[in-house]
Structures are given as C-alpha cells and as structure tokens.
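attaching a predicted model along with its sequence, questions to come.
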Amino acid sequence: MTTVSSAEHTRRDFLYIATGAVGAVGVAATLVPLIAQMNPDASTIAAGAPIEVDLGPIADGQIIKVFWRSKPIFIFHRTKKDIEEAQKVNVASLPDPQPDSARVKPGHDQWLVLIGICTHLGCIPLAHQGEYDGWFCPCHGSQYDTSGRIRKGPAPKSLFLPPYKFVSDTKIHIG
Amino acid sequence: MSGHSTYQPQNKFLQWFEKRLPIGGLIHSSFVAYPTPRNLNYLWTFGGILTFMLGVQIVTGIMLAMHYTPHADFAFKSVETIMRDVNFGWLLRYLHANGASMFFFAVYIHMFRGIYYGSYKEPREVLWILGVIIYLLMMATGFMGYVLVWGQMSFWAATVITNLFSAIPGVGDTIVTWLWGGYAVGNPTLNRFYSLHYLLPFVIAGVVVLHVWALHVAGQNNPTGIEPASDKDTVPFTPYATIKDSFYMAVFCIVFAWFVFYIPNFLGHADNYIPANPAVTPAEIVPEWYYLPFYAILRSIPDKLAGVIALFSSILVLAFIPWLDTSRVRSARYRPLFKQFFWLWVIACVGLGWLGSKQPEGIYVILSRVFTVYYFAFFLIIMPLLGIFEKTRPVPNSISDSVLGAKA
C-alpha cells in the first residue's frame, strides 16, 4: 500500500476503517439468514404441535408407544405391583435419585409417561425386560425400573418426562 | 506471476507458512501489487462482480439444496415449502433466482466490454475462449436450474430444449431419449438435471481460475487498447482496483437488492407458479430473458435443423472473433466505423431479445430475420472487412499520455 506519514491519520485511513466496519456489519448481517435457515422450519414446528392420547384402551400392565415431536413416548399403565416396587426403593441409593412421586401426576400413580430414549446414547430401550421389571437398553446394557429410573449401566440419567397433563382421567395432552 | 514476488511477511508464522505454501505471495502478486492500467473505467469492475455473483449463487444454491426435493412428485411443493416454511427461505429463493438474472446481466456487460475494446485480440485469445466456455456453462447451469422448479415453464422448456437435439440427423432421437432417461421429460430427467446443476457451478469456478490466470499472463486490456509501457502507466491493484471493484460491487448489489426485495418476480414468468402438467402446453413458452435473443434466432429460421445450427452457431461464433477481426487497432475508441457497427449490433442483440418474447408471427418474424442476419454479418463479414478498409484514428503514445495529457 502507499505509505503515509505515521504521525497523522489521513482521510484515507478513516475511509478504510469506516468501509471495513460497514463491511463487517454487512458480513454479519449476511450470515444471519444463512445460519437461521438450518433451524427447524415452520412446517416442522407445526408438526410438533401437542397431541392428545386416549388412555382407555391401554390394559393393566400394558406399555404403548406414541410419537410426539419425532420422539417415542412410553405410556405405561402400571399394575399395583409395579407401583409398589417403584415406591419401595431407597431413593438415596439410586444413580439418579428421584422419588417415584416426582415422576407421576398426583392422583394418577398408575400412569407413567416417559420419553422412550435411553439417556446414554439415544437407543429405544425394550419394555418389560431387565432385572428391575422396567426397560432394558440393548445397545450398551442400561437398565431402568418401573418408574423409568436408571439402575444399572452406562446411562447417566433416568428416562426423561415429556411435558404432559391430564385432560380427563382417561385422556392426556402431551406437549 | 512467474519469478519471485515482492511479498515479505512480517509475522513469523506467516514466514514459516510462506516457505511451505506460498499462497500469501500468490495473492500479493495477483491482487495487491499487481500492476493495473491506470485508465480502467467502471466496465472493468464486472469481472470482480461476476466472481462475487458466482459465490452468491453457489452459497444460496447449497442452502436451497438443504430443503429441495428433486423428485417430480415433490419438487414444486418443496420449492413452495422453502418459500413459506423455511426460515428466510423466501430470501434464499429470490436471491438465487434473481441472482441468476444479475449474473447474466453482468456477463453480457462484461462481454460487450470485451468486444468494444478488443480484449479478445492477441495475446488474449485463450482468455476470450475460456470466457466463451464459461458463458456456455452458465447457460447450461441456468437452464437446468430453471427446470428444477418443475413448474409449467420448467417442464416445457425442458421438453423444447432437449428436443433440439432431435434435429441431428440419424442419432438425434437416440440422443434425446438418452438425455431424458425415459420416453419424455420426467423424473429421471429432473434427477439428473439436479445432479448436473449442482456440479457445473464448480466446473465454472475451475474455468474461472484458468480465466484469471490467462488474464494475469497478458495483463488487463484498457480503454486505449495499447499495452502499458512503463510504471507510469499502471497502479498497484490494491488499493486502486480493489476499492473501485468494491464500490461498483456495492452499486450492483443495490440493483440486485431492488429486484430481490421489491420486484422479485418481475423477471420471471407467472406460468412457472403452475405445477408441471405433461398433458397441457402453455399458450406461450418463453425462456428466461437472458436466453431470449437466441430463442429469437432459433425461431427465425424456418427449417428445424438449420434453426438449431443457427442457435448453436450464434454462441460458437464468439470463440472465433480473435481471428475474424483483422484490425490492428484494438479499441473501438479509435475505430469510428467499428464503433457504429458495434452499437448497431448491440441494438440487434437487444432487439432479438425483445422479439424472443413475442409470438413468432407477422412483423416479429421479419424483424427477427433481419436482426439475425445482421448478428452473423457483424462477425462474419463486417469484422474481417473493417480490419482491411477502416481508417482508424491515431492511437495515443501511451496510457499515461492519454490520461494525463501528453505533458510528461
């Protein structure tokens, strides 16, 4: 570049810096839509709207799977035995301590609604398997109990709860 | 670009890197210290603008490709999903579609500049031919991109253009079937056009590298058409050309933005918002504006094969003008007759473009034929003869003389 006496700042210096600054703002503004376009689009978000599930047809002891926001949701109609097993456990001894009462809605102990994704690396655990009468994940051997809590294996956390509420005794609204 | 560059990095890491991959020196000698004629006008900024537009098309195209479905049953809907659901999808689509128009607008100015100032003449013949190759690749890319929308115009443009090859005697129909991948334009055609549309811009980028390389061997032409003779005739590329290019790029972007944000569908055709219907051909099929002159040439010739030959010849003839033009003087500034014939030729090009949008009947056909004859005559008759018979004006002694007045 042409040399300039370093003592004083010239108009050219000002113009360079001003142009560079505006250019930088322009580049940042340009990047916004290019990066934002990869976020979920409106149709994907619309497809993730809440769903309602009728609990009537689910028999005692039965676990069904529904999809919400592309994730499998386990809905477990627990028997008295399942509920007792879940409540009897010493919470402090659990790898991820949580009382069963925190994982169900008050007055609806027999309904367990969980996101059916193993908290280890994302496989779907198999129902009614494992030593704790809950779920067994075949990928790396994690085992969950009748409250969906992690008991054994590499998974760090218990199965997560989706946002849901009871619309009536036989219908839940997930989302 | 041969020989040692004057680039001396101050930073220790850069010195280390420079010894192993002298890319700093390459950039420095090509775009910083590079001696540029001091008298270039704004028409010389379009090379940089074209490179910028190629980048815009590639980036917006890759973003669009994340959301587009190249299947005949889903393509049109996926474009509408981009427009309505994808975050800033409308912006990406309009940038890409109008970007193509701006790309062609810039390339036509760039080519007109080349013809006017004799930039195709010795020693820049290969540079010019590389440019013709880039132009052909652009036309193929643009055509295939338009088909991807799978609207009525997309489908029927694909049918018409692929059917051009059926004019070839003997093997024509086999070639067309091969292009289609079926018995008519359909899903296989769409799929392969998508693949090639993604590929060709990168081929264009490669040829652009060769184009800039060839340019740097000879150096830029300039409005006087005489080569720089001394350091007084040139200035370093940075900051002079860099800033000039950036300024005109910004002006260009204002025009681009005007289309994208205020009249994004002005240059398009409404029929392409109708999903493709293989059973119904629209009342008028027209290509996008940048192909209209060639469309007019095609339709002005009554014979099918001759029309196709005329169409392809009208582009291929460009590759021969370094040899068709026999004049010793490069720049039209000093060629008064050539200048007039040139502007008539520009009027013919624009006229053919307008005629390409009209139905081929009556006065439109007559005018198309007149302009087509003139289009070819300019290259095949006028250029060779003018070199022999034209009385040129005296060319200045040097570039700096022409700029500063013959005082130095």
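Received the coordinates, thanks.

show me where chain A has helices.
Taking DSSP state H as the test, the helices found in chain A are A:11-36, A:42-47, A:80-88.

in CSV, list the ones you listed along with mean pLDDT.
Output for the helices of chain A, formatted as CSV (pLDDT from 0 to 100):
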stretch, mean pLDDT
helix A:11-36, 93
helix A:42-47, 93
helix A:80-88, 93
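
take the ones you listed and lay them out in CSV including mean neighbour count and distance to chain B.
For every residue, glycine as well, the C-beta is placed using N, CA and C. Formatted as CSV, those follow (neighbours: other CB atoms under 10 Å in any protein chain shown; distance: least, CB to the nearest CB, whole Å):
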stretch, mean neighbour count, distance to chain B
helix A:11-36, 11, 4
helix A:42-47, 12, 4
helix A:80-88, 15, 42
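
and the residue nearest the centre of chain B?
B:V107 (3.5 Å; CA atoms, centre = their mean).

which SSE is that residue in?
Assigned by DSSP states H and E, B:V107 belongs to helix B:89-117.

ok, B:P287 next?
Going by DSSP H and E, B:P287 is not in any helix or strand.

now that we have the helices of chain A, can you turn them into CSV and tack on distance to B:Y262?
Output for these, formatted as CSV (distance: least, CB to CB, whole Å):
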stretch, distance to B:Y262
helix A:11-36, 18
helix A:42-47, 24
helix A:80-88, 64
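
who wins for proximity to B:Y183 among these?
Of all the helices of chain A, it is helix A:42-47 that lies closest to B:Y183, at 34.4 Å by CB to CB.

got a list of contacts for the closest one?
B:T81, B:R84, B:D85, B:V86, B:N87 (CB atoms under 8 Å, 6 or more residues apart in numbering or on different chains).

just the buried residues from those residues, in ChimeraX please.
The following ChimeraX line selects those of those that are buried, judged by 16 or more other CB atoms under 10 Å in any protein chain shown:
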select /B:81,85,86,87
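
quick one: name the residues of chain B near chain A.
Those residues of chain B that sit near chain A, judged by CB under 8 Å from any CB of the partner chain, are B:59, B:63, B:66-67, B:81, B:84-89, B:91-92, B:236, B:238-239, B:246.

hmm, which of these are the buried ones?
B:59, B:63, B:67, B:81, B:85-89, B:91-92, B:236, B:238-239.

so which residues of chain B form strands?
For chain B, the strands defined by DSSP state E occupy B:35-37, B:234-236.

compile those strands into TSV and extend it with columns for mean pLDDT.
Below are these laid out as TSV (pLDDT from 0 to 100):
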stretch	mean pLDDT
strand B:35-37	95
strand B:234-236	94
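
show me what counts as buried in the lengthiest helix in chain B.
The longest helix of chain B (DSSP H) is helix B:187-218. For helix B:187-218, a neighbour-count test (16+ other CB under 10 Å) marks B:189-190, B:193-194, B:197-198, B:200-201, B:204, B:208, B:211-212, B:214-215 as buried.

quick one: list the elements packing against that helix.
helix B:46-65, helix B:125-148, helix B:152-163, helix B:172-180 (3 or more CB pairs under 8 Å, 6 or more residues apart in numbering or on different chains; DSSP states H and E).

what angle do it and helix B:46-65 make?
150 degrees (axes from the mean of the first three to the mean of the last three CA atoms, to 10 degrees).

show me the contacts for the nearest residue to B:I133 once chain neighbours are set aside.
Nearest residue to B:I133 in three dimensions, chain neighbours excluded: B:V207, at 5.6 Å (CB to CB, 6 or more residues apart in numbering or on different chains). Residues counted as contacts of B:V207 (CB under 8 Å, 6+ apart) are B:L130, B:I133, B:I134, B:L137.

hmm, 6 Å instead?
B:L130, B:I133, B:I134 (CB atoms under 6 Å, 6 or more residues apart in numbering or on different chains).

would you mind giving those residues as CSV with neighbour count added?
Compiled in CSV, those are given as follows (neighbours: other CB atoms under 10 Å in any protein chain shown):
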residue, neighbour count
B:L130, 21
B:I133, 16
B:I134, 22
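
looking at the residues you listed, which is nearest chain A?
B:I134 (25.0 Å; CB to the nearest CB).

contacts only, for the closest one.
B:I204, B:V207.

how much space between it and B:W178?
Using CB to CB, to the nearest Å, B:I134 is found at 26 Å from B:W178.

same check on B:F247?
48 Å.

also B:F143?
17 Å.

what does the pLDDT read for the closest residue to B:S119 other than its chain neighbours?
Nearest non-adjacent residue to B:S119, counting by CB to CB, 6+ apart: B:N221, 4.1 Å away. pLDDT, B:N221: 96.

likewise for the one 5 residues further on?
For B:I226, the model assigns a pLDDT of 93.

which residues touch it?
Contacts of B:I226 by CB under 6 Å, 6+ apart are B:V395.

so in terms of bridging, what pairs with B:P37?
When assigned by DSSP bridges, B:P37 has beta-bridge partners B:T234.

need the contact list for it.
Contacts of B:P37 (CB under 6 Å, 6+ apart): B:Q220, B:N222, B:P228, B:T234, B:I399.

mind doing that once more with 10 Å?
Neighbouring residues of B:P37 by CB atoms under 10 Å, 6 or more residues apart in numbering or on different chains: B:44, B:219-224, B:226-228, B:233-235, B:241, B:399-400, B:403.

again with B:H110
B:H110 touches B:L43, B:W44, B:T45, B:F46, B:G47, B:I49, B:L50, B:S119, B:G131, B:I134, B:Y135, counting by CB under 10 Å, 6+ apart.
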